[in-house]
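K.L.:
Pasting the sequence and the predicted coordinates here, then a few questions.
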Amino acid sequence: MSTDLTPLWDTPETAQFWPLGYGRVVLDEVDSTMAHARRIAPDTAGHTWIMAKRQTAAHGRRGRPWASADGNFAATLLLRVSCDPAQAALRSFLMAVALRQTLAMSVPADQLANKWPNDVLLSGGKVAGILLESIGRGGQVDYLSIGVGVNLATAPLPDQVEAGAFRPTALAAHGASVSPQDFLFWLASHFADQERLFRELGFDPIRRIWLSHAARLGDVITARTMRAEITGTFETVDEAGNLVLLTPEGRTAIAAADVYF
């Protein structure tokens, strides 16, 4: 990957490879790319990537702060969809697969793992996170915002993350130097491939790819929901994207939780 700050899509040799049907907006500063996606959604006809060089009010799952230092990657894909919330939520797996593919261009692929539901690990540390928000009415999702944060240059200090969370890490700590502009080029390309696969063949191929690189598959883990803490053997991710644990009480499918191991 080039480390030149000139975006790859701006070079004559590579501009033709930016995925068709996807627009892009690059901002110097914004409160958050997710908030900007909400603002522009009513006037956006197609899929649009929004990348910011600096965010002033970024957040992760359940409103947790997300540090966005200079040189790191912060972007949101505003995806035009027409589906129910369950189908929309499966896009987190598409993005996770695309993220791992993009990261594997800079570090050994065997050092990368998918952590359910929305993280990518590098040598056991969290290097990237995904956040989903939907816009719609009547039980139908019209727009899906997929926020992506990647520690390219620096990672938060351990005392800046919540207790029990995975230690943060950055690509640069593993000898890789990648510009946010180049990372967007390749991530957009890889996601477009996964979206096309999803539309043509459904979720199962993506689910199998994700599982082939899943962290701690077959091991005992703990899933902490808003109401309970469940410990069991990580058996699989089912066709609905649920985490499936084998517990003393039997197989348990979990739709949303924080996972610890």
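P.N.:
Arrived safely. Numbering: from 1, shown residues only.

K.L.:
longest helix in this structure, by residue count?
P.N.:
For the chain, the longest helix by residue count, based on DSSP state H, is helix 180-201.

K.L.:
ok, and what's touching whichever helix or strand comes after that helix?
P.N.:
Where DSSP states H and E defines the elements, the next helix or strand beyond helix 180-201 is helix 204-211. Residues outside helix 204-211 that contact it (CB atoms under 8 Å, 6 or more residues apart in numbering) are 90, 93-94, 96-97, 114, 194, 197-198, 217, 236-237, 239, 241. (C-beta placed from N, C-alpha, C; glycine too.)

K.L.:
contacting residues around Val97?
P.N.:
Contacts for Val97 (CB under 8 Å, 6+ apart) come out as 114, 190, 194, 206, 209-210.

K.L.:
circling back to that earlier point, please tabulate the contacts of helix 204-211 in CSV, including the columns pLDDT, secondary structure and distance to Ile230.
P.N.:
Formatted as CSV, the contacts of helix 204-211 follow (pLDDT from 0 to 100; DSSP: H, G, I helix; E, B strand; the rest coil; distance: CB to CB, whole Å):
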residue, pLDDT, secondary structure, distance to Ile230
Leu90, 97, coil, 22
Phe93, 98, helix, 21
Leu94, 98, helix, 26
Ala96, 98, helix, 22
Val97, 98, helix, 26
Asn114, 98, strand, 20
Gln194, 98, helix, 29
Leu197, 98, helix, 31
Phe198, 98, helix, 29
Leu217, 98, coil, 17
Thr236, 98, strand, 15
Val237, 98, strand, 15
Glu239, 96, coil, 20
Gly241, 97, coil, 17
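
K.L.:
Tell me which residues of the longest helix of the chain come out buried.
P.N.:
Residues of helix 180-201 classed as buried: 180-192, 194-195, 197-198 (neighbour count, 16 or more other CB atoms under 10 Å).

K.L.:
That helix relative to helix 204-211, how many degrees between them?
P.N.:
Angle between the axes of helix 180-201 and helix 204-211 is 130 degrees (criterion: axes from the mean of the first three to the mean of the last three CA atoms, to 10 degrees).

K.L.:
Mind giving me the packing neighbours of helix 180-201?
P.N.:
Taking 3 or more CB pairs under 8 Å, 6 or more residues apart in numbering; DSSP states H and E as contact, the helices and strands that helix 180-201 lies on are strand 22-27, strand 47-52, strand 73-83, helix 91-103, helix 204-211.

K.L.:
again, only this time at 7 Å
P.N.:
Helix 180-201 sits against strand 47-52, strand 73-83, helix 91-103, helix 204-211, with contacts defined as 3 or more CB pairs under 7 Å, 6 or more residues apart in numbering; DSSP states H and E.

K.L.:
what's the angle between the longest strand seen in the chain and helix 91-103?
P.N.:
Ranked by residue count under DSSP state E, the longest strand found in the chain is strand 125-137. Calculated by the same axes, to 10 degrees, strand 125-137 forms an angle of 140 degrees with helix 91-103.

K.L.:
buried stuff in whichever helix or strand comes after strand 125-137?
P.N.:
Downstream of strand 125-137, the next assigned helix or strand under DSSP H and E is strand 140-150. Judged by neighbour count using 16+ other CB under 10 Å, the buried positions of strand 140-150 are 141-150.

K.L.:
Give me the distance between Leu171 and Leu94.
P.N.:
21 Å (CB to CB, to the nearest Å).

K.L.:
Same question for Gln111.
P.N.:
22 Å.

K.L.:
now Gly21: how far from His36?
P.N.:
Distance of Gly21 to His36, computed by CB to CB: 20 Å.

K.L.:
Of those two, which one has the most company?
P.N.:
His36 (20 against 10; other CB atoms under 10 Å).
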